[in-house]
Structure formats: C-alpha cells, structure tokens
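> Below are the sequence and a predicted model; questions follow.
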Amino acid sequence: MEPSPWDPEGVEQSLDAEGLLLDPRAAQGLDLRALYKRMVAARLLDLRLARLGLPMWVPSAGEEAATVLSATLAGPEDWLYPSVRDLALAPIRGMDLDEFAQQVLGAAYNGRPGAVAAADLGIGHAPEALGLHLPLAAGQAHAQKLAGPGRMTAALFGEGLTTTAMFHETVALAVACDLPLVLVCKSQLWPEGAPAEAGLLGDSVAERVKACGLWSRRVDGADVVGVYAAIDQAFRRARDGRGPGLVEVVATRLQAGEKSADVPAHRDPLERLRRHLDREKQWTPTFQDVIEAEVRGQLDRAFTHAQRHVAEETP
Amino acid sequence: MNVRERVVDVLAEVVAELLRDDLRRVLLGEDVRDGGMLGLSRAAMRDPALGLRVLATPLTPATNLAHATGLALAGRRPIVLLNSATALLEGYAALRELGRVGATANGERAAPVLIVAPTGPGFGLGGDGADSPDAAIAAVPGLRVVVLGDASEAPASLRAAASFDGGEAPTVLLLPRALILRELEAHEYKAQLGRPLGSARVVRPGAAATVFAVGATLDAAFAAVEASGVDAAIVEVSGLAPIDETGVLAAATSGKLVVTHAGGRSHGAGAELVALLADRAILHLDAPVLRVTGDDGPFTGRDEFAGLPSVAAIAAAITRVATY
C-alpha cells in the first residue's frame, strides 16, 4: 500500500496499514486485545468529554497510543506528568471513575476543569503555565535519581511546546543532570502546510534533540505496537539509569469535520489495531459492541454522578 | 582579638549545617558546585559528605524554580541560591506555580522550597544588580517573602526560613546586598531569632513618630531618627508576604508614620503597608503617611544608590510628620 501524506517517513513499522504484524516479537508481552479495549475506552472518553463543554478543552482522538501506552507501561513507582490531552491515562493508572469524573469537572482535588492529578497514583498535576509540567517532571525525576535507580518520570505534551524555553531548558536539565526522565512528544504531520504554532523546525523533534545529546526514537502513533516498543525501551532505559530519552509519536488528529475528511482510515490507531485483531480472529462486531456498551455505561454513570454532585455543591 | 566574619561566610556555614541536619535538603543554583557567586555553597562543597546533594544544573532561568518544585513535591527540601532577586522575574511563571501548587494538589503535595536571593543596591553593579523587585515577588500568591533587615540576624533568619516545620509556604528570603558583605564580630551574630520569621519588630521605641523600615533601610532609619532629633520609634518590617498586620498596626499608635524601603515608590513594597495603615489605623493617624524610597528607575549602568533612600530624606520625612 502506498504511504499517504499522513504517514510519517523514517519510522520503524511494526503494525502496517492493513494491521499485519511485521515482527511478532515486537508485541511480546503485550495483550493486544486488552490494549484495544483501553484504546476504545480512551476514544469513547474523548467523545464523552466533547459533550461536557469544558473550558479550553481540546480533543485527542487519534493520539491515544502515546497516552494509553505511557499509562500501561509506567510502573507503580513511576510518575506521569500528563498534558490536558492525556486524561485517559488516569483510569488506567487506577483512578476511580467517580473521582475521575469529578476532577474532570473541576469539582475535586481543587484542580481546574479538564485536568486530573493524583499523588497516590503518581499522576502529576497540569500547571496552567504553558509547558511548566516538563520541568516539574524533571524535578520529580531528579528526586528519583537521588533515591537510586528503578524509577522514572515521563511527561507528555504536544510538539507545539518544543519551541518554548520550558522544553529547551528541560532537555538541557535532563541531559546535563542525566535524569530518569522520558519526554513523550505527540507530533502531527501537516500535509497541507504547518501553521507557525505547530513548532515544526527541521524534520522531527526526535532528530532535533539528538543534537542536544538526548536519546530519542520516532514512531508512528497509528502503530500501537511500534509505540509500545519505543516507550517501553525509553522507560526501561530511564529506570535502569541509562539516561533520559524522548519518544516522538507522530499521530494524526481525527477531529470530526471537513479537515479530517481525507484522512485515510489506517491513520486511526484503533482501526489499525482492529484490523490486526480481525486478522487474528480476535475481533468481532459483538466484541466491539460489548466493550463500547460497557465503557459508555461506566462513563455515563460516573459523569452523571459527578454532574449531580457539582449541581448540589453549586449554590 | 575578636574575629570578624562576613555575613555571606557565616551564611555559607549555615547552608552546610542545613544540609547536614536534614538529608532531604538539596542545594540548587548557578555554579553551586563552585561555591556560587556569593560563596554560599563553599562550605557545603568542602564537606565530602554533602557534595552529592549539591546539584549543579545548566542555566535554566525559566524552569529552575519548577525543577526545584518538582524535587520538593517528591519529598526533597530544595534550597535554591540565586545570584539576583531579578532572576525570579525570569522564572516568574514557575514562581507563580510554586505559590499555587500547595492549593492545587488538594494540600497533598506541599512544596517546601526555599529561595535565597540578594536584592537591591550594594555591590556597585547597577542595573538589575541594584534593582529591588521585592514587591513584584511578594505579589505572587502563596509565597512567604521575607527581607533581611539586620545583618546580625542573617544566620538565624536562614535557619528559620529553611525549617518549614509548621508547614509554611514556599519561602523567598531576600538578602539586601548592602548588608551581606558586612563583617560582624562572631559573637554579634544571633543564634536564634526569638520571634516568628517575618514578624514586625520594634527595634527602637519612641512616641513622637514611627518609622517602618524594610530591609537595608533599617540602618538608615536609625541614622535618620538620630539626625532628626525626634523621639521616633523604628519598626523593622521583614515580612512582605504575609505582612505581620498585627505587629504593624500595634506600632502605628503614634499616628505619625513614615515607611521606608529600597527600590521604587510606585507599586513598591511600601504601597501595601501604607494601604494597610490607611485602612486599619485611620483612627490613629495625625499626619499623612509618608513613603521614603529609592527612585522609580529604570536603572542603567551604575545608578546604584538611586535605589536606596538617603538618611537625609528619611530624616526630613520624620520631621515633617512629627511637626504636621
């Protein structure tokens, strides 16, 4: 199959556009059906959130692989500093859905609407200043380093941040202090030309940071197995004291509307993984209906409770 | 023979002692592994047992306070040594987050960060090195901001600021440059403050007027009271945030009030004090509340001492309120 303008060049492929697993060893230790459920849950969460009318909320459909796999691969003593587009990682880290819904609505944790955090689950809060969670994560990683190897911190963000002082200084801190910090950067391709705010400078963020001495990998966000392998490697390196890293996950935003009309279906990480499971006879429409119904039911319950709670608290 | 010691050298010993006393403490800042520009980490670096907790970092002005905040959230107690209080303006977004973080995370994640920075004129640097951004720092919600006014209290103030035993807010200890290169005899340094850090303190009693002096203006206030011949009280105001309102108001009963501080008058530290006095001491007031400050600036080059009020100006203000 010919690559589309939405497909990143120069990335290793594990799961091709048709869902063929090119190197089965790459998925070793990975329960792809369970991962698919988490990916579906993340997508349904995004759709649910879109209906809440949260201030400053942005969709993250299409970017789920980085979020879901960071949460899946982080150990109990690791920390994650999510962006506001990574809410789906909280339930995977074990956050109770009622608590989650209340936090998202801004009714718990004294946080702001559309953000989640939990110290006991190793989820750092999202500060309001642009990109400030990156140096907070660096500080957390520095404390882990002082305590000895075995733990790491990851920060998730979009490539628009990579022109900021926050990003550059965090890279400098991570490299110079050899911190167990992994930067998970979600990038986009812009077949019709990138706006200035996209932060595109040169070929890729992964290439750019190599010049700063930072270990990096660039993977296709539509290829969950590739994302799994890269994040797993980066997290292990950091935990083992082999240094910081950056994983650039090139994702395609799947917003409803005309902009995404010509995005090919294989750019959707869920669809690609579904094609794979289908090939392996592990997917049926019934399976799909069951997980969707289950997740929708859980989300509806949690958000209905939370909205009622908010209504009761509001004088 | 009495041994004379510079304030910065005594502070350097306290920094080392703080690291020894609490293994959670780490030292951050520019060139800390080389002693730092003021030499405040020199004593710590001489002790091989402490070196691992003296953390060198690249120059990261926008993020260094967030890096320290992350360390603090993870259970460390960072002490950040800055070369200038104006560096806090370069990291203002991170400073605001530091002030906010305790409230954000449900109170679960306190950030006991101590920032130590020289402020105001005193080194002959001019420009940023003579600037007093104290009020801009004190305006950040959630911080405790304290200015040293009495060189003999420097070591005790640093110890108190670093303790966080009462769950205090993230703290900025500002050290007026005019004070910290002074030499005092060893016995003159106070071991203990004997009062809460940041509280207002009557340092000279007097009934005819009251001078509220912040930071480096304390000595000038003494000289000015002397020169004016007025029996004026002098109150050291070291806490800019929170202001010790009880202490300040208790000292306002003379009704003839002068406020003096380094840095500009417009939106300066004194504006908040004067507003407090106008609001809460109105029944005592017998004269306008006068402010005697440095020039508003902007400063360039070696405009150094335009940043501090003169003794003559403070004395004139005391005479004016006393004879109003």
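Yep, it's here.
> all contacts plus neighbour counts: C-alpha atoms, from now on.
Fine.
> In the stretch 201-315 of chain A, what residue lies closest to chain B?
A:C212 (12.8 Å; Cα to the nearest Cα).
> Just to be sure, that residue is in a strand?
No. Judged by DSSP: H, G, I helix; E, B strand; the rest coil, A:C212 forms no part of a strand; its state is coil.
> On the three-state scheme, A:G94 is what?
Classified using three-state DSSP, A:G94 is coil.
> tell me the phi and psi of it?
phi 110, psi 10 (degrees, to the nearest 10).
> That one: neighbour count?
12 (other Cα atoms under 10 Å in any protein chain shown).
> List the contacts of it.
A:G94 makes contact with A:L121, according to Cα atoms under 8 Å, 6 or more residues apart in numbering or on different chains.
> Repeat that for A:T284.
Taking Cα under 8 Å, 6+ apart, we find A:T284 in contact with A:D278.
> confidence score at it?
In this model, A:T284 is scored at 97, pLDDT.
> can you pull the buried residues of the helix or strand hosting A:A311?
Using DSSP states H and E, A:A311 sits within helix A:285-313. In terms of neighbour count (16 or more other Cα atoms under 10 Å in any protein chain shown), helix A:285-313 has its buried residues at A:I291, A:E292, A:V295, A:R296, A:L299, A:A302, A:F303, A:H305, A:A306, A:Q307, A:V310.
> And for stretch A:105-115?
A:L105, A:G106, A:A107, A:A108, A:Y109, A:G111, A:R112, A:P113, A:G114, A:A115.
> Would you agree the last one falls within a helix?
No. When classified by three-state DSSP, A:A115 is found to be coil rather than part of a helix.
> Please parse chain B into its domains.
B:4-188, B:201-322 (automatic domain parsing).
> Is it possible to get CSV of those domains that adds distance to chain A, mean pLDDT and mean neighbour count?
Formatted as CSV, the domains of chain B follow (distance: least, Cα to the nearest Cα, whole Å; pLDDT from 0 to 100; neighbours: other Cα atoms under 10 Å in any protein chain shown):
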stretch, distance to chain A, mean pLDDT, mean neighbour count
domain B:4-188, 4, 95, 21
domain B:201-322, 22, 95, 21
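> And the helices in chain A, which stretches?
Ranges of helices in chain A, per DSSP state H, are A:32-50, A:64-73, A:89-92, A:97-104, A:133-147, A:165-176, A:205-210, A:224-239, A:269-279, A:285-313.
> Kindly compare burial across the ones you listed and name the winner.
helix A:133-147 (a mean of 28; mean count of other Cα atoms under 10 Å in any protein chain shown).
> could you check the angle helix A:165-176 makes with it?
With axes from the mean of the first three to the mean of the last three Cα atoms, to 10 degrees applied, the angle from helix A:133-147 to helix A:165-176 works out at 20 degrees.
> now helix A:133-147, how far from the chain's geometric center?
What separates the centre of helix A:133-147 from the centre of its chain is 19 Å, taken as Cα atoms, centre = their mean, to the nearest Å.
> From the buried residues of stretch A:105-115, which shows the smallest pLDDT?
Among those, A:G111 has the lowest pLDDT, at 68.
> I'd assumed A:L214 was in contact with A:V175.
Yes. Counting by Cα atoms under 8 Å, A:V175 touches A:L214, with 6.2 Å between them.
> Overlap in contacts, these two.
The contact sets of A:V175 and A:L214 overlap at A:P244 (Cα under 8 Å, 6+ apart).
> Distance to chain B added to the buried residues of stretch A:105-115, as CSV?
As requested, those are exported to CSV (distance: Cα to the nearest Cα, whole Å):
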residue, distance to chain B
A:L105, 15
A:G106, 11
A:A107, 11
A:A108, 8
A:Y109, 5
A:G111, 6
A:R112, 8
A:P113, 12
A:G114, 14
A:A115, 11
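> just to revisit the earlier point, save the helices of chain A as CSV, and put in distance to chain B too.
Formatted as CSV, the helices of chain A follow (distance: least, Cα to the nearest Cα, whole Å):
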stretch, distance to chain B
helix A:32-50, 22
helix A:64-73, 19
helix A:89-92, 15
helix A:97-104, 11
helix A:133-147, 4
helix A:165-176, 5
helix A:205-210, 16
helix A:224-239, 16
helix A:269-279, 33
helix A:285-313, 17
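> Quick one: closest of the ones you listed to A:D7.
Relative to A:D7, the nearest member of these by Cα to Cα is helix A:269-279, separated by 12.1 Å.
> Can you list the neighbours in contact with the closest one?
Counting by Cα under 8 Å, 6+ apart, residues outside helix A:269-279 touching it are A:15-21, A:32-33, A:36, A:39-40, A:62, A:64-65, A:221-224, A:265-266, A:283-284.
> Mind doing that once more with 10 Å?
Contacts with helix A:269-279, where a contact means Cα atoms under 10 Å, 6 or more residues apart in numbering or on different chains, come from A:15-21, A:32-33, A:35-40, A:43, A:61-65, A:220-225, A:251-252, A:265-266, A:268, A:280-285, A:288.
> Ok, stretch B:177-186 next?
Residues from elsewhere that reach stretch B:177-186 (Cα under 10 Å, 6+ apart): B:2-11, B:38, B:84, B:117-124, B:129-130, B:148-152, B:154, B:215-217, B:219, B:308.
> Quick check: phi and psi at A:R85.
In terms of degrees, to the nearest 10, the main-chain angles of A:R85 are phi -90, psi 10.
> mind checking how far it is from B:V321?
60 Å (Cα to Cα, to the nearest Å).
> Ok, B:A43 next?
47 Å.
> where does chain A have low pLDDT?
Flagging of chain A using pLDDT under 70 yields the residue ranges A:1, A:110-111, A:256-261.
> which residues in the stretch 151-300 of chain B form strands?
B:171-176, B:183-185, B:201-204, B:209-213, B:232-236, B:239-241, B:257-261, B:290-293 (DSSP state E, counting those that start in this stretch).
> Show me what the first one packs onto, helices and strands only.
Under the contact criterion of 3 or more Cα pairs under 10 Å, 6 or more residues apart in numbering or on different chains; DSSP states H and E, strand B:171-176 touches strand B:77-81, helix B:92-104, strand B:114-119, helix B:134-138, strand B:144-147, helix B:154-163, strand B:239-241.
> One more pass at 6 Å, please.
Judged by 3 or more Cα pairs under 6 Å, 6 or more residues apart in numbering or on different chains; DSSP states H and E, strand B:171-176 is in contact with strand B:114-119, strand B:144-147.
> Quick one: those strands as CSV, columns for distance to B:P176 too.
Listed next are these as CSV, based on distance: least, Cα to Cα, whole Å:
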stretch, distance to B:P176
strand B:114-119, 5
strand B:144-147, 7
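> which residue is nearest the centroid of chain A?
Residue closest to the mean C-alpha point of chain A, counted by Cα atoms, centre = their mean, is A:T67 at 1.9 Å.
> show me what contacts it?
A:D86, A:L89 (Cα atoms under 6 Å, 6 or more residues apart in numbering or on different chains).
> Please apply the same query to B:A12.
B:L40, B:S41, B:A43.
> Leaving out sequence neighbours, find the closest residue to B:E97.
Leaving out its chain neighbours, the residue that sits closest to B:E97 by Cα to Cα, 6 or more residues apart in numbering or on different chains is A:P127, at 6.9 Å.
> One more: B:V146?
Take B:V146 and drop its neighbours on the chain: the residue closest to it by Cα to Cα, 6+ apart is B:G239, 4.5 Å away.
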